[in-house]
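**Q** Structure for this input, please:
(chains A, B, C, D, E and F)
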6 protein chains.
Amino acid sequence: MGKLTHFNSEGRARMVDVSGKESTERVAVAGGRVRMQPDTLKLIQAGKMKKGDVLAVAQVAGIMGAKKTSDLIPMCHPLFLTSIDITFIEYPEPGNDGLASIGVEARVKTTGQTGVEMEALTAVTTTLLTIYDMCKAVDKGMIFEEICLLSKTGGKSGEFKRA
Amino acid sequence: MGKLTHFNSEGRARMVDVSGKESTERVAVAGGRVRMQPDTLKLIQAGKMKKGDVLAVAQVAGIMGAKKTSDLIPMCHPLFLTSIDITFIEYPEPGNDGLASIGVEARVKTTGQTGVEMEALTAVTTTLLTIYDMCKAVDKGMIFEEICLLSKTGGKSGEFKRA
Amino acid sequence: MGKLTHFNSEGRARMVDVSGKESTERVAVAGGRVRMQPDTLKLIQAGKMKKGDVLAVAQVAGIMGAKKTSDLIPMCHPLFLTSIDITFIEYPEPGNDGLASIGVEARVKTTGQTGVEMEALTAVTTTLLTIYDMCKAVDKGMIFEEICLLSKTGGKSGEFKRA
Amino acid sequence: MGKLTHFNSEGRARMVDVSGKESTERVAVAGGRVRMQPDTLKLIQAGKMKKGDVLAVAQVAGIMGAKKTSDLIPMCHPLFLTSIDITFIEYPEPGNDGLASIGVEARVKTTGQTGVEMEALTAVTTTLLTIYDMCKAVDKGMIFEEICLLSKTGGKSGEFKRA
Amino acid sequence: MGKLTHFNSEGRARMVDVSGKESTERVAVAGGRVRMQPDTLKLIQAGKMKKGDVLAVAQVAGIMGAKKTSDLIPMCHPLFLTSIDITFIEYPEPGNDGLASIGVEARVKTTGQTGVEMEALTAVTTTLLTIYDMCKAVDKGMIFEEICLLSKTGGKSGEFKRA
Amino acid sequence: MGKLTHFNSEGRARMVDVSGKESTERVAVAGGRVRMQPDTLKLIQAGKMKKGDVLAVAQVAGIMGAKKTSDLIPMCHPLFLTSIDITFIEYPEPGNDGLASIGVEARVKTTGQTGVEMEALTAVTTTLLTIYDMCKAVDKGMIFEEICLLSKTGGKSGEFKRA
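**A** Reported below is the predicted structural model:
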């Protein structure tokens, strides 16, 4: 295994030097899921029929959250993001635990010297937090699962694709 | 079940009116977990022996993240937070899937008209994102699980305790 | 007429001292309007039928913008906002200049020592800017008009109601 | 007419992909106006004689506001701005409605893959909001008018010049 | 001597719990100084005669900086500030080292459960940084000295007055 | 001596136009020092032995502060920073005034059209402010000294090295 790159020679954290890295197009896709009472999902789906749309608010929050990544994560480099897209999949059928769920996927692009894995993951967590916030009056037990990087391309470390 | 309170009479989102709610002491505790290769956890633990400390950076990020909650989550009220505390539990023993993990717990307090569930959850996700960022050079497959509200006290909706 | 209160004895700007003011409930309502090609309004209205909804995005932006007021306006006090609500009226009939328009109204509440006029006005301008941004690919000539305070209540300076 | 580009295939909002666009020098100029009691303008002008200067504060706010554009407007790309300049014209002669006014013009430049129309417009609205804030103790009836893009150059969509 | 209060029982940092503290009026005054070539001070003073005013910009920055304190300093509580005032004293006479200087003083007030020492100090450093930024084209050797808390009142720890 | 470049032809402040400047690698190093009671330094050093580490928190704050520079300093350009590193030197031996001290040095890099002097200085002041905040319960008399640019390379104005 490698060694952690965020520590300087004194052993304290630093923002790693990327000035020698090539500027290339980089894409990262991250995903996650929020599990909830089936009735909560029904309320969200019903809202979508009207102008009220929990997922529309959550998606705006996710896009804005991705842009705040370097402000939130101490060692992240500020980046010019060229594209952010967030999509949802609804799973109304209750699983073994009786819960329905919504899957979130965020795809972020940049042309730069570092990747956008953190921006994609931050988009996902901010989207999920907003869904929780907008539904917590009816379902405080919602739970986030399987938040992870799904794939990345570009950059020296090459491609990553989750098995 | 109740109805979603973040929509106005046109069906669009609004920040709900809390001006009629009492100002009381409110506490929320949220938790989450990041699963990782056992070697990644060993690197984190070794770093802790020196001045370099992934969890120290993640914890600072989590505290600062909690203070940004109303900036991240569209319908959240800005709040005066009176206390934020974040703790970790390390699980070096691999589970059935061969992964070790670190559990994160955030406890947030306010005296005000709305609760701090979102602040506690945002502290947890920001802490987890920072752990991922600082270790992603060696382990891109890390995954966040079980992010949820563990308990809350104070306010009209009363106590919540996760089963 | 009175004198400007944002200058100190040296003649430079300062954040005026409100520590002697009473904490009361304060409400401010501001309005504004964006004029556009009738076809642009039709595209916005058509979008609303599907999940895509320019006004939903603009409204989220307006609410988040109101929360950033003290960060944008140098002499504004940071405030705990207890309620923000934004509504729209569509005017599809072209006026004398051949333009349709959308009216925006923002209503903001606080319990505190200063009013929320600036928060209501900032909600309106941010909402209008977002409508412009989302439609500028088809109509760069859109124009904002009649952005003003409509009413305020609470506080020492008493009620204001636009004639 | 074209089609709105901020919606993805699901019909929800996204930050449009500019990664295929060329990096060129882009300039945008936006304008606006605040109408006020002639006595309010006199107070502002008198203040300018001393160190206190409403327009100096408003101009700093406008420049800082332009830098916050991608944080305020959900679908805006973060950008490296290379120049921001804000100028004023004072109209002390009352119009038909008895009001004097101040005109604001903001000129913003970047070298990048997207234009700076939103940055120029945000500079204008933030400047106007600050003028309002600093004078609202004496004139709550001030009103913003004619906020619009005056011109832009650079980029695929080419030149725009308001008639 | 006491013990550091920003660490939790694990020895990691936390935001200390102030929920048991009384809400009282608190004032803090901080000061600092920037030393510079006498000609730099002359340029600043000359600028003040015209509309251009380095100190006016620096003072706006200092006030806005004070409002960002809890965003900059990890363990600081967010606060409602009721007053911020920044004043300058110019020392054109060169000292033994041949340098002139400008002294900065920031006075901040709140009614709340924690003091505003950090807000006053952050106002001073932001003001000084802005003076440096606006003059660095002519004098990169400017140096900040004597940044410290001058006095505080209110709160359990009582009065502090620098000797 | 030159002339101040942050003022436009009206004499008001502007963000200077750097669009004609070459994009080159630029490095800036800034330093500063906080003087304190020798016992305060001993508490900090003792904390470092455990997980609690004042300097670790201060260093994270300094890195995050550097990324906020263009948000804090009105006329600063937003920049893509490629590297930030902060180091400390402890001086436990009391000087003539009986005070010990900690020296802070920040080194910041970019590839761009403007330098990073302000980012390095902002990293230093934010680091020092955080040390003060974390120790102020035991030593309110701490004082910051000698905050200055130590060196810069790259850009048209060439090298600077403090004598």
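**Q** can the helix or strand harbouring residue A:70 be found next to chain E?
**A** Residue A:70 is part of helix A:69-72, with elements assigned from DSSP states H and E. No. Applying CB under 8 Å from any CB of the partner chain, one finds helix A:69-72 separated from chain E by no less than 8.8 Å. For glycine as for every other residue, the C-beta is placed from the backbone atoms N, C-alpha and C.
**Q** what comes into contact with the lowest-mean-pLDDT helix or strand in chain A?
**A** Least confident helix or strand, chain A: helix A:38-49 with a mean of 84, by mean pLDDT, DSSP states H and E. Here helix A:38-49 makes contact (CB atoms under 8 Å, 6 or more residues apart in numbering or on different chains) with A:53-55, A:90-92, A:94, A:98-102, A:131, A:135, A:138-139, A:142, B:1, B:3-4, B:7, B:11, C:51.
**Q** again, only this time at 6 Å
**A** In this structure, residues lying in contact with helix A:38-49 by CB atoms under 6 Å, 6 or more residues apart in numbering or on different chains are A:53, A:54, A:92, A:94, A:100, A:135, A:138, A:139, B:1, B:4.
**Q** for these, which one is nearest residue D:20?
**A** Of all the contacts of helix A:38-49, residue A:53 has the smallest distance to residue D:20: 29.8 Å, by CB to CB.
**Q** who's in contact with the closest one?
**A** Contacts here follow CB under 6 Å, 6+ apart; on that basis residue A:53 touches residue A:47.
**Q** Give me the distance between it and chain E.
**A** 31 Å (CB to the nearest CB, to the nearest Å).
**Q** Check residue A:116 too.
**A** Distance from residue A:116 to chain E, by CB to the nearest CB: 24 Å.
**Q** Equivalent analysis for residue A:133, please.
**A** For residue A:133, the distance to chain E - CB to the nearest CB - is 19 Å.
**Q** Check residue A:41 too.
**A** Going from residue A:41 to chain E by CB to the nearest CB gives 34 Å.
**Q** for residue A:64, same thing?
**A** Residue A:64 is 16 Å from chain E, where distance means CB to the nearest CB.
**Q** sec struct for the closest residue to that residue other than its chain neighbours, please.
**A** Leaving aside its sequence neighbours, residue A:64 sits nearest to residue D:74 (CB to CB, 6 or more residues apart in numbering or on different chains; 5.5 Å). Using DSSP: H, G, I helix; E, B strand; the rest coil, the structure places residue D:74 in coil.
**Q** for residue A:33, same thing?
**A** Of the three states, residue A:33 takes strand according to three-state DSSP.
**Q** residues in contact with it?
**A** Contacts of residue A:33 by CB under 6 Å, 6+ apart are A:101, A:103, A:145, A:146.
**Q** quick one: pLDDT of it?
**A** Residue A:33 is assigned a predicted lDDT (pLDDT) of 98.
**Q** who does it bridge with?
**A** residue A:103, residue A:145 (DSSP bridges).
**Q** thinking again about what came up before, nearest to chain B among the contacts of residue A:33?
**A** Chain B lies nearest to residue A:145 out of the contacts of residue A:33, by CB to the nearest CB, at 5.5 Å.
**Q** Hmm, residue B:145 and the closest one touching each other?
**A** Yes. Taking contacts as CB atoms under 6 Å, residue A:145 lies within contact range of residue B:145: 5.5 Å.
**Q** Could you pull out the strands in chain A for me?
**A** Ranges of strands in chain A, per DSSP state E, are A:24-36, A:81-91, A:100-112, A:143-153, A:160-161.
**Q** Quick one: closest of these to residue F:113.
**A** Of all these, strand A:100-112 sits nearest to residue F:113, with 15.8 Å by CB to CB.
**Q** helices or strands up against the closest one?
**A** Judged by 3 or more CB pairs under 6 Å, 6 or more residues apart in numbering or on different chains; DSSP states H and E, the packing partners of strand A:100-112 are strand A:24-36, strand A:81-91, helix A:117-135.
**Q** most packed of these?
**A** Counting by mean count of other CB atoms under 10 Å in any protein chain shown, helix A:117-135 has the highest mean neighbour count of the helices and strands packed on strand A:100-112, with a mean of 28.
**Q** In this structure residue A:89 contacts residue A:102, no?
**A** No. Counting by CB under 6 Å, residue A:89 stays clear of residue A:102, with 7.1 Å between them.
**Q** which bits of chain A sit near chain B?
**A** Where chain A comes near chain B, counting by CB under 6 Å from any CB of the partner chain, the residues are A:1-2, A:4-7, A:11-13, A:39, A:43, A:50-52, A:57, A:61, A:65, A:72-74, A:118, A:121, A:125-126, A:129-130, A:133-134, A:137-138, A:140, A:143-145, A:147-149, A:160.
**Q** Provide a list of residues in contact with the residue most central in space within chain A.
**A** What sits nearest the mean C-alpha location of chain A, by CA atoms, centre = their mean, is residue A:124, with 2.3 Å. Applying CB under 6 Å, 6+ apart, we find residue A:124 in contact with A:30, A:32, A:104, A:106, A:147.
**Q** Of all pairs in those residues, which one spans the longest distance?
**A** Within the contacts of residue A:124 (distances taken as CB to CB), the two that end up farthest apart are A:106 and A:147, at 10.4 Å.
**Q** Looking at the two, which has the bigger crowd around it?
**A** residue A:106 (29 against 26; other CB atoms under 10 Å in any protein chain shown).
**Q** ok so, going back, which of the contacts of helix A:38-49 sits closest to chain D?
**A** residue A:53 (8.5 Å).
**Q** my guess is residue A:148 meets residue B:143, correct?
**A** Yes. The criterion here is CB under 6 Å, and residue A:148 meets it with residue B:143 at 4.1 Å.
**Q** Skip the chain neighbours and tell me the closest residue to residue A:59.
**A** residue A:86 (4.8 Å).
**Q** re the thing from before, so which of the strands of chain A is nearest residue F:153?
**A** Here strand A:100-112 is closest among these (CB to CB), at 22.6 Å.
**Q** Check what contacts that closest one and list those residues.
**A** Counting by CB under 6 Å, 6+ apart, residues outside strand A:100-112 touching it are A:23, A:25-36, A:38, A:41, A:66, A:79, A:81-92, A:94, A:116, A:119-120, A:123-124, A:127, D:19.
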